[in-house]
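> Provide a 3D model corresponding to the input given below.
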Amino acid sequence: MNNSIKPKGIVVFSGGSAANNLVDVFKTVRENKRCPLSYVIPISDNGGSSSELIRVFGGPGIGDVRSRLVRLIPDDPDHDDSEKAAIKIFFNHRLPKDKELAKQEWLQIVEANHALWGNISTAKKELIRSFLNLINFEILKRLRPSSTFNFSSASIGNLFLTGARLFSGSFESAIYLLSSICSVPSHTLVLPAISTNHTHHISAGLQNLITITGQNSISHPSVPSPLEPNPSEHEETEMHDRIEDANLPGSLPTLRKQYIAFSKEGEEDLPARIERIWYINPYGQEIRPPANPRVIDALDSAQAVIYSIGSLYTSIVPSVILKGVGEALARASIRYKILILNSTNDRETGPSSSPLTALDFIAAIAKAAASSRGPGFVREVEKREYKAYVTHLIHLQGQGTPRVDKEELAELGVECIRVYGRRVGDEPFLRYDEKALTQALEVTIGRRDVRLERNRRNTLEG
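Residues are numbered from 1 along each chain as shown. Predicted coordinates for the structure are as follows:
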């Protein structure tokens, strides 16, 4: 008789680029715990080349999902696997910024005349190319005098995922296909926060009552766009209505623009702190979408939840506010709810004159989780409730890091762990040291459940 206990998993809430730097840390913790690992990724990003795919095809923002899947391609130091390296380069490749050069290179790739195909086997090449041909056909089919697809800076991986989604009619199926091609291990899942074929946008309400619509406008400098249109905005709406694309007539102009080119450098402060994040329909009305059922399943079988580094209000909160997530997080069965604090404040966690503290980060997560539980929970969350959603804080200490008041957090039931940080080159901020962060997580969560070893040993002896 097999009495083995299935190990409970680890769930990581994160966005794309920032948390990609910690993938090896989470991989090591998972290996030592011998348990499943799930990444929950938001799909509300409407910036960069994803904005053009959303404009023409609709559908979720897929850039962060693609980025995580490709980052999870396993590295085997004992074997020279040139194909895996080539696939990683291929799906991360971006076309040139120049519109005409980008289109020329795209055709080279579709026609299999590009050097990127060099170390990819024929079977995988033709499988990948079939979906690129499909998306190319769909682009041509949607060509209109008022709307031409712009290949500038387009991600090949994003184009592939979109082609696979259109072919299968399922975003989850497209993720499964890319996971298989990238050889992502079955014990590690990349879960979109919402399982959908539709576009989902977010809005931010600031403490000065200004509303900013669309993730790109929240994350990067832009003019706040109120939901109540004035006459000039009516004119802008009518102008966009003359463009035939995937956007519904009359939808908010700020959700219909191309945001292919933007800079993350020199970001301006928001005029006030962010008070709340919520989802909206194309006309700006608030909606409450449910979380991906697989996310809830992962939380129901989790021993630990980790809120990773990244953008607090556009990478973490959009997943936490979804219907069902707050209730799942509050369950006592999840023993460890760990926030890895950012090493610096950004545009979302400013303004620079009054940056968020560690307590403010925790309060934002608690408020988001409480609001996901329904309208009755949308209120000022009491401090004593924070530990239902965050039990541990891992942080750095140094110039520019958010302030951490250990005594105050300890009174709230939140344990603080300070770890070693390092600077890379001339960067003005600290980075987490991978070994130190791994040790901190293992000290918090533990290495592995000894009951599993005991049951496994008893089974062998029996």
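
> list the contacts for residue 46?
Counting by CB atoms under 8 Å, 6 or more residues apart in numbering, residue 46 makes contact with 54, 61, 199, 201, 214-216, 255, 259. Every residue, glycine included, has its C-beta placed from N, CA and C.

> any idea how far it lies from residue 260?
Distance of residue 46 to residue 260, computed by CB to CB, to the nearest Å: 11 Å.

> can you check residue 188 too?
31 Å.

> Of those two, which one has the most company?
Neighbours were counted for residue 188 and for residue 260 using other CB atoms under 10 Å; residue 188 has more, 22 against 19.

> measure that one to residue 31 for me?
10 Å.

> Could you do residue 123 as well?
Distance from residue 123 to residue 31, by CB to CB: 30 Å.

> quick one, which of these two is more surrounded?
Set residue 123 next to residue 31 and count neighbours by other CB under 10 Å: residue 31 wins out with 13 against 8.

> Show me the strands in the stretch 1-150 of the chain, by range?
9-13, 37-41 (DSSP state E, counting those that start in this stretch).

> Mark out where each domain of this protein begins and ends.
Under the assignment automatic domain parsing, the domains of the chain span 9-41+289-461, 81-187.

> ok, of those domains, where does mean pLDDT dip lowest?
Comparing mean pLDDT across the domains of the chain, the weakest is domain 9-41+289-461, with a mean of 89.

> centre of the chain versus that domain, how much separation?
A distance of 14 Å separates the C-alpha centroid of domain 9-41+289-461 from that of its chain, computed with CA atoms, centre = their mean, to the nearest Å.

> Neighbours of the residue nearest to residue 43 when sequence neighbours are not counted, how many?
Counting by CB to CB, 6 or more residues apart in numbering, residue 43 lies nearest to residue 60, which is 3.6 Å off, once chain neighbours are set aside. By the criterion of other CB under 10 Å, residue 60 has 28 neighbours.

> Same question for the one 3 residues further on.
Other residues near residue 63 number 25, with proximity taken as other CB under 10 Å.

> And the pLDDT for the residue nearest to it when sequence neighbours are not counted?
Counting by CB to CB, 6+ apart, residue 63 lies nearest to residue 50, which is 4.6 Å off, once chain neighbours are set aside. On the pLDDT scale, residue 50 is placed at 89.

> what helices or strands is the biggest helix by length in the chain leaning on?
Assignment by DSSP state H gives helix 122-141 as the longest helix of the chain. Applying 3 or more CB pairs under 8 Å, 6 or more residues apart in numbering; DSSP states H and E, one finds that helix 122-141 contacts helix 82-92, helix 99-110, helix 156-168, helix 171-181.

> and the last one, what does it pack onto?
Helices and strands touching helix 171-181, as assessed by 3+ CB pairs under 8 Å, 6+ apart, comprise helix 63-71, helix 122-141, helix 156-168, strand 188-192.

> Return it as PDB; C-alpha atoms alone will do.
The C-alpha coordinates for helix 171-181 follow below in PDB (Å, rounded to 0.1, in the frame of the first residue of the first chain):
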ATOM      1  CA  PHE A 171      -5.100  30.700 -24.900                       C
ATOM      2  CA  GLU A 172      -4.300  27.800 -22.500                       C
ATOM      3  CA  SER A 173      -3.800  25.500 -25.500                       C
ATOM      4  CA  ALA A 174      -1.400  28.000 -27.100                       C
ATOM      5  CA  ILE A 175       0.600  28.100 -23.800                       C
ATOM      6  CA  TYR A 176       0.700  24.300 -23.700                       C
ATOM      7  CA  LEU A 177       2.100  24.200 -27.200                       C
ATOM      8  CA  LEU A 178       4.800  26.700 -26.500                       C
ATOM      9  CA  SER A 179       5.600  25.000 -23.200                       C
ATOM     10  CA  SER A 180       6.100  21.700 -25.100                       C
ATOM     11  CA  ILE A 181       8.300  23.300 -27.800                       C
END
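
> Can you give me the buried ones in it?
171-172, 174-179, 181 (16 or more other CB atoms under 10 Å).

> all strands for the stretch 201-350 of the chain, in order.
Secondary structure of the stretch 201-350 of the chain, counting by DSSP E, counting those that start in this stretch: strands at 201-206, 211-213, 274-280, 286-287, 302-307, 336-340.

> and the first one with strand 274-280, angle?
Note on geometry: by axes from the mean of the first three to the mean of the last three CA atoms, to 10 degrees, strand 201-206 and strand 274-280 are set 160 degrees apart in direction.

> Which stretches in the stretch 251-400 of the chain count as helices?
293-300, 317-320, 325-329, 358-371 (DSSP state H, counting those that start in this stretch).

> Can you add distance to residue 40 and mean neighbour count and give those back as JSON lines?
Below are the helices of the stretch 251-400 of the chain laid out as JSON lines (distance: least, CB to CB, whole Å; neighbours: other CB atoms under 10 Å):
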{"stretch": "helix 293-300", "distance to residue 40": "5", "mean neighbour count": "18"}
{"stretch": "helix 317-320", "distance to residue 40": "5", "mean neighbour count": "27"}
{"stretch": "helix 325-329", "distance to residue 40": "9", "mean neighbour count": "23"}
{"stretch": "helix 358-371", "distance to residue 40": "13", "mean neighbour count": "23"}
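
> List the contacts of residue 14.
39-41, 68, 307-310, 315-316.

> Who wins on neighbours among those residues?
residue 41 (31 neighbours).

> Pretty sure that one sits against residue 62.
No. At 9.3 Å, residue 41 does not count as touching residue 62 under the criterion of CB atoms under 8 Å.

> count of neighbours near residue 418?
16.

> Spatially nearest residue to residue 249 (excluding sequence neighbours)?
residue 241 (4.9 Å).
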